[in-house]
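J.: Have a look; sequence and predicted model below, questions after that.
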Amino acid sequence: MLATNSNNTFKAFTEGSQNDMPSDKYIATYVWIDAEQGLRSKSRVLERRVINPSDAPVWNFDGSSTEQATGRNSDCWIKPRAVFKDPFRLGHNVLVLCDVFNFDWTPAVGNSRVSCLEAMDKPEVKEAKPWFGIEQEYSILEQAGHPIGWPRGGYLGPQGPYYCGVGSGKVFGRAVVETHLHHCLYAGVKICGTNAEVMPSQWEYQVGPCEGIEIGDHLWMSRYILKMVAEDFNCSITFDPKPVSGDWNGAGCHTNYSTLAMRQPNGIEEMFKAIEKFRKRPNVHLKAYDASSGEDNKRRLVGAYETASYKEFSSGVANRGSSIRIPRHCEAEKCGYLEDRRPAANCDPYAVSEIIVRTTILNEEGDCEPI
Ligand code: ADP
Ligand code: MN
Ligand code: MN
Ligand code: MN
């Protein structure tokens with residue numbers, strides 16, 4: 001079944017029922033990240049409206065079912081950190097993105113937000129006003145795990161007509177993309193664009209610019225919304241960095257980055273300085289740039305298909321074959337932002353934004369073993 005029609009039963013009910021909902025009940029969906037960087041959620045009916053994270057009570061879940069705790073001591077805490085409007089239930093209902101803690105309030109396995117925030121809260125970092133914009137690439141699969149629109153057990157014609165394509169046979173799954181865009185906008189996620197990608201059934205959306213910790217919060221919530229929308233279309237989403245091997249582009253999370261100094265006149269000098277810091281510790285970055293400490297991304301960063309090899313750091317203006325690219329318009333204006341093209345589609349944006357500020361603003365040095 002191609003994902004062209006939404007399975008609207010659930011939506012029709014939630015939309016149609018708005019006027020009949022009791023006025024003193026509010027549904028909050030708590031969303032959190034598990035030990036494998038998967039998303040989990042559960043809902044709770046509250047008697048008060050949630051505007052800020054502190055309006056929603058701390059809650060818990062069975063961590064032994066998510067490999068975040070043992071069965072004997074299974075409760076993990078979930079503490080609300082960011083609130084979005086619920087684009088599925090509408091009304092005064094909300095989605096709350098949470099931190100996960102162990103019973104003793106230490107960060108649980110998979111919680112990288114705490115250390116990211118620690119870095120973002122340092123006075124030098126706050127003063128530098130780091131902005132991030134992430135280009136999230138992903139592929140849409142049929143339930144069977146096969147990219148939608150592709151012949152079963154076979155391939156489509158070679159890449160070329162699909163990127164920013166228009167029309168049947170060129171793009172697959174636009175209804176998912178469109179629904180996701182509208183749902184993100186409604187929720188308050190800072191999504192800023194979408195496009196069809198080079199590999200058919202692969203798409204991109206961009207989130208940003210966001211300052212500091214906000215990029216992680218907004219990107220994770222945009223992924224939650226995407227997976228929820230896909231459920232409704234009977235298809236699934238993969239963030240695998242190389243979902244189809246062979247002559248097909250992989251999927252990344254290009255991370256666009258600037259500090260206040262880079263955005264000011266002649267900020268390009270600051271960009272060059274940052275690039276020299278990146279150059280000295282490529283492996284620490286590659287480790288933070290995918291869900292498997294660099295292993296998944298090796299399949300993607302091969303030095304072809306618009307990527308640079310993971311074995312060699314490179315930079316260049318308008319060069320999509322380099323690790324870090326300065327966009328042409330930023331070179332022309334002598335300020336703006338740089339693009340780190342290395343993060344994989346399945347990266348953790350908290351880990352990515354954290355290592356970038358640690359290297360470029362906090363001047364942390366030293367590299368690890370090659371990935
Ligand atoms: P590309 O040309 O690489 O495809 P896109 O247009 O897809 O680039 O994405 C550009 C990204 O850069 C967006 O996420 C946007 O929010 C982000 N961005 C724009 N200006 C800045 C800035 N000054 N600092 C950081 N990110 C920025
Ligand atoms: Mn892009
Ligand atoms: Mn892209
Ligand atoms: Mn890009």
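T.: That came in fine, so what should we check first? Predicted model only: the values in this text are computed from it and were never measured. Ligands and ions are numbered 1, 2, ... in the order given.
J.: drop to CA atoms for contacts and neighbour counts, all remaining ones
T.: OK.
J.: who in the stretch 201-350 of the chain is up against ligand 1?
T.: Contacts of the stretch 201-350 of the chain with ligand 1, taken as Cα under 6 Å from any ligand atom, map to 206-209, 256-258, 336-337.
J.: so what's the residue of the stretch 201-350 of the chain found nearest ligand 1 up against?
T.: Of all residues in the stretch 201-350 of the chain, Gly208 sits closest to ligand 1, with a separation of 3.5 Å (Cα to the nearest ligand atom). Gly208 is in contact with 131-134, 190-192, 215, counting by Cα atoms under 8 Å, 6 or more residues apart in numbering.
J.: ok, which stretches of the chain are strands?
T.: 26-33, 39-46, 59-62, 75-85, 94-101, 131-142, 191-196, 202-211, 235-238, 253-258, 315-317, 324-326, 338-340 (DSSP state E).
J.: Could you export those as CSV, including mean pLDDT and distance to Lys227?
T.: Output for those, formatted as CSV (pLDDT from 0 to 100; distance: least, Cα to Cα, whole Å):
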stretch, mean pLDDT, distance to Lys227
strand 26-33, 97, 12
strand 39-46, 97, 9
strand 59-62, 91, 21
strand 75-85, 96, 16
strand 94-101, 97, 14
strand 131-142, 97, 10
strand 191-196, 98, 15
strand 202-211, 98, 14
strand 235-238, 96, 6
strand 253-258, 98, 17
strand 315-317, 95, 34
strand 324-326, 97, 29
strand 338-340, 98, 25
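J.: Please name the nearest non-neighbouring residue to the residue in the stretch 51-200 of the chain that ligand 1 sits nearest to.
T.: For the stretch 51-200 of the chain and ligand 1, the shortest gap (Cα to the nearest ligand atom) falls at Gly133, measuring 3.5 Å. Excluding its sequence neighbours, the residue lying closest to Gly133 (Cα to Cα, 6 or more residues apart in numbering) is Gly208, at 4.2 Å.
J.: before we move on, the earlier item: make a PyMOL selection of the buried ones in the residues of the stretch 201-350 of the chain next to ligand 1.
T.: In PyMOL, this line selects whichever of those come out buried by 16 or more other Cα atoms under 10 Å:
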select buried, resi 206+207+208+209+256+257+258+336+337
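J.: Going by distance to Thr179, which of the residues of the stretch 201-350 of the chain next to ligand 1 wins?
T.: Checking those against Thr179 by Cα to Cα gives Gln206 as the nearest, at 14.9 Å.
J.: Run a quick neighbour tally on the spatially closest residue to His218 that is not a sequence neighbour.
T.: Spatial nearest neighbour of His218, excluding adjacent residues (Cα to Cα, 6+ apart): Val189 at 5.6 Å. Other residues lying near Val189 total 24 when counted by other Cα atoms under 10 Å.
J.: Do you know the pLDDT at Val189?
T.: pLDDT recorded at Val189 is 98.
J.: and if you look at Asn19?
T.: In this model, Asn19 carries a pLDDT of 67.
J.: cool, and the one 5 residues further on?
T.: Asp24 is assigned 92 on the pLDDT scale.
J.: same check, this time on Met1
T.: At Met1, pLDDT is 32.
J.: With distance to Phe272 as extra columns, can I get the residues of the stretch 201-350 of the chain next to ligand 1 in TSV?
T.: Output for these, formatted as TSV (distance: Cα to Cα, whole Å):
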residue	distance to Phe272
Gln206	24
Val207	24
Gly208	22
Pro209	21
Asn256	15
Tyr257	13
Ser258	12
Gly336	12
Tyr337	11
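J.: Tell me what Ser236 is bridged to.
T.: Ser236 has these beta-bridge partners by DSSP bridges: Leu141.
J.: tally of neighbours for the residue of the stretch 51-200 of the chain closest to ligand 1?
T.: By other Cα under 10 Å, neighbour count at Gly133 equals 24.
J.: For it, which residues are in contact?
T.: Gly133 touches 206-210, 215, 255-257, counting by Cα under 8 Å, 6+ apart.
J.: how does it look with 7 Å?
T.: 206-210, 255-257 (Cα atoms under 7 Å, 6 or more residues apart in numbering).
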